[in-house]
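Novice: Here is the input, now give the coordinates:
(one chain, ligands or ions: 1)
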Amino acid sequence: MGNIRVLDKEFKIYISEETIKARIAEIATSIREDLADKNPLFIVVLNGAFIFAADLLRETNIACEINFIRLSSYEGTNSTGKMKNIMGLDKNIEGRSVVIVEDIIDTGLTMEYLCKTIAKSNPAEIRIASLFVKPGKLQTDIKTDYKCFDIDNDFIVGYGLDYDGVGRNLKNIYKISETEQE
Ligand code: 5GP
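Specialist: Predicted structure coming up:
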């Protein structure tokens with residue numbers, strides 16, 4: 001089970017399913033302790049976070065609501081040149097304890113945009129849960145309240161994360177082989 005091929009690239013095992021699940025159980029305990037009596041609204045960012053969210057929310061095992069959103073990017077004329085739409089955002093956010101559930105925070109720009117947009121609906125609080133953070137790539141100072149793993153800058157697949165649409169259903173996390181990196 002060492003190396004695998006996804007499309008045209010070679011990947012090697014990085015984090016096992018068992019290790020991921022054990023860590024998810026730990027952060028689920030923290031979420032339960034913090035939010036059990038607040039009926040939180042979990043906002044899950046599709047597609048990548050679907051497996052993480054399914055495991056995390058069952059482990060958390062508290063009364064909650066779950067909202068699935070998707071981001072669509074399009075070229076625009078604002079300062080960054082890129083603009084995003086949030087599709088499927090729940091209207092019922094005012095006064096709620098919101099937890100955004102994301103697969104991976106890379107530059108952090110997506111999460112910063114999500115937080116700013118959701119904040120306009122006046123939630124009581126916004127917390128962030130992410131399976132992975134790449135601290136070496138961060139360009140924002142967002143704080144990840146519930147983080148499973150800090151990882152290095154290499155590209156990963158599996159456990160919900162894809163390479164060009166493929167690999168989301170891999171049970172472990174795989175990292176691109178050194179020889180494949182440009
Ligand atoms: P950010 O706005 O933080 O730069 O981008 C976050 C998004 O980039 C994630 O939701 C994910 O779609 C994508 N991403 C960043 N790093 C990786 C990676 O190593 N593997 C995969 N599959 N996607 C990544």
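
Novice: Every contact and neighbour count from this point should use C-alpha atoms.
Specialist: Fine.

Novice: can you pull out the strands in the chain?
Specialist: 3-6, 9-15, 41-46, 65-75, 82-87, 97-105, 125-133, 146-150, 156-157, 173-176 (DSSP state E).

Novice: worst average pLDDT in the ones you listed?
Specialist: If the strands of the chain are sorted by mean pLDDT, strand 82-87 sits at the bottom with a mean of 81.

Novice: Determine the longest helix present in the protein.
Specialist: Longest helix in the chain, counting residues (DSSP state H): helix 17-35.

Novice: ok, and for that one, which residues are buried?
Specialist: 20, 24, 25, 27, 28, 31, 32, 35 (16 or more other CA atoms under 10 Å).

Novice: what about the residue nearest to the spatial centre of the chain, distance to residue 153?
Specialist: By CA atoms, centre = their mean, the chain has its centre lying nearest to residue 102, at 1.6 Å. Using CA to CA, to the nearest Å, residue 102 is found at 17 Å from residue 153.

Novice: near the ligand, which residues of this protein?
Specialist: Residues of the chain found near the ligand (CA under 6 Å from any ligand atom) are 103-110, 154-157, 161-163.

Novice: Distance check, residue 93 against the ligand.
Specialist: Distance, residue 93 to the ligand, using CA to the nearest ligand atom, to the nearest Å: 22 Å.

Novice: need the contact list for the closest residue in space to that residue that isn't next to it in sequence.
Specialist: Computed as CA to CA, 6 or more residues apart in numbering, the closest residue to residue 93 that is not its neighbour in sequence is residue 123, at 5.4 Å. Going by CA atoms under 8 Å, 6 or more residues apart in numbering, residue 123 touches 93, 94, 95, 96, 97, 98.

Novice: ok, now residue 62?
Specialist: By CA under 8 Å, 6+ apart, the neighbours of residue 62 are 32, 36, 39.

Novice: pretty sure the second one is touching residue 63, no?
Specialist: Spelled out, it's residue 36. Yes - between residue 36 and residue 63 there is a contact at 6.9 Å, judged by CA atoms under 8 Å.

Novice: Against the ligand, how distant is residue 119?
Specialist: 18 Å.

Novice: Actually, residue 53.
Specialist: 13 Å.

Novice: so who does that residue touch?
Specialist: Here residue 53 is in contact with 44, 101 (CA under 8 Å, 6+ apart).

Novice: do the one 10 residues further on as well
Specialist: With contact taken as CA under 8 Å, 6+ apart, residue 63 is in contact with 36, 37, 39, 40.
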